[in-house]
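Novice: Generate coordinates for the sequence data below:
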Amino acid sequence: MTQLSQPILLTRRWLLGLTVVISLAGCAKQQAPGGQEAKPQAPALEAIATTRQVMLAMTIPSSDVIFQVGNAAPKDDAEWEKVQANAAVLAESANLLMLAPRAVDSAEWANFSKALITSAKAARQAAQARDVDKVLEAGNQVYEVCDGCHKKYMAARAGE
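Specialist: Next up, the predicted model:
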């Protein structure tokens, strides 16, 4: 073999190896019916805490932070970020409340939970904008959603 043909041979082997790797990678992608690439399956979610535990650990403390804006407006970036973070936690707690076995029924319970998500997101956006009045408005929406749900589903308040 000449010195010139040896690098060409190595280059061809390298290209062949690269082609095989790329081909195998393409085969690894799963195809959905119709030739489209399949989306990865979300892992099954498992409810660990009870509804009461989610309420006590997440929903109530995070909503309290939003409600407190009416007593004392956030003074600096750190306090506004705390309001934003708690509004996000409040929305996420509503997601958790829609998981079985916490979801009491499929219609009204989900509607209350979705309304809580919507009002918590409004509170978060208002906190991002540093708008006290909008945070208070969203806080009122949070209160109305929670109050309506409690009247419907909380045994101590049923039938109010």
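Novice: Every contact and neighbour count from this point should use C-alpha atoms.
Specialist: Noted.
Novice: Please identify the buried residues of stretch 85-105?
Specialist: Buried residues in stretch 85-105, counted by 16 or more other C-alpha atoms under 10 Å: 85-94, 96-98, 102-103.
Novice: Tell me which of these fall in strands.
Specialist: Among the buried residues of stretch 85-105, no member falls in strands (DSSP state E).
Novice: Report the central residue of the chain.
Specialist: Glu92 (5.6 Å; C-alpha atoms, centre = their mean).
Novice: Now do the contacts for the spatially closest residue to it that is not a sequence neighbour.
Specialist: Nearest-residue entry for Glu92: Ile117, 7.4 Å, with adjacent residues in sequence omitted and distances by C-alpha to C-alpha, 6 or more residues apart in numbering. Residues near Ile117 by C-alpha atoms under 8 Å, 6 or more residues apart in numbering: Leu90, Ala91, Glu92, Ala94, Asn95.
Novice: could you list every residue that touches the first one?
Specialist: Which is Leu90. Contact partners of Leu90, counting by C-alpha under 8 Å, 6+ apart, are Met58, Thr59, Ser62, Ser63, Leu116, Ile117, Ala120.
Novice: just Cys146 next, same as before
Specialist: The contact partners of Cys146, by C-alpha under 8 Å, 6+ apart, come to Phe112, Leu116.
Novice: mind checking pLDDT for it?
Specialist: Note on Cys146: pLDDT of 97.
Novice: and the helix or strand hosting it, C-alpha only, in PDB?
Specialist: According to DSSP states H and E, Cys146 maps onto helix 132-153. Output in PDB follows, covering the C-alpha atoms of helix 132-153 (Å, rounded to 0.1, in the frame of the first residue of the first chain):
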ATOM      1  CA  VAL A 132     -50.300  45.500  43.900                       C
ATOM      2  CA  ASP A 133     -53.800  46.100  42.700                       C
ATOM      3  CA  LYS A 134     -53.700  43.300  40.200                       C
ATOM      4  CA  VAL A 135     -52.300  40.900  42.900                       C
ATOM      5  CA  LEU A 136     -55.200  41.900  45.200                       C
ATOM      6  CA  GLU A 137     -57.700  41.300  42.400                       C
ATOM      7  CA  ALA A 138     -56.200  37.900  41.700                       C
ATOM      8  CA  GLY A 139     -56.200  37.200  45.400                       C
ATOM      9  CA  ASN A 140     -59.900  38.000  45.500                       C
ATOM     10  CA  GLN A 141     -60.400  35.500  42.700                       C
ATOM     11  CA  VAL A 142     -58.400  32.900  44.600                       C
ATOM     12  CA  TYR A 143     -60.600  33.500  47.600                       C
ATOM     13  CA  GLU A 144     -63.800  33.100  45.600                       C
ATOM     14  CA  VAL A 145     -62.700  29.900  44.000                       C
ATOM     15  CA  CYS A 146     -61.600  28.400  47.400                       C
ATOM     16  CA  ASP A 147     -64.800  29.500  49.100                       C
ATOM     17  CA  GLY A 148     -67.000  28.000  46.400                       C
ATOM     18  CA  CYS A 149     -65.100  24.700  46.500                       C
ATOM     19  CA  HIS A 150     -65.200  24.500  50.300                       C
ATOM     20  CA  LYS A 151     -68.900  25.200  50.400                       C
ATOM     21  CA  LYS A 152     -69.400  22.300  48.000                       C
ATOM     22  CA  TYR A 153     -66.900  19.800  49.200                       C
END
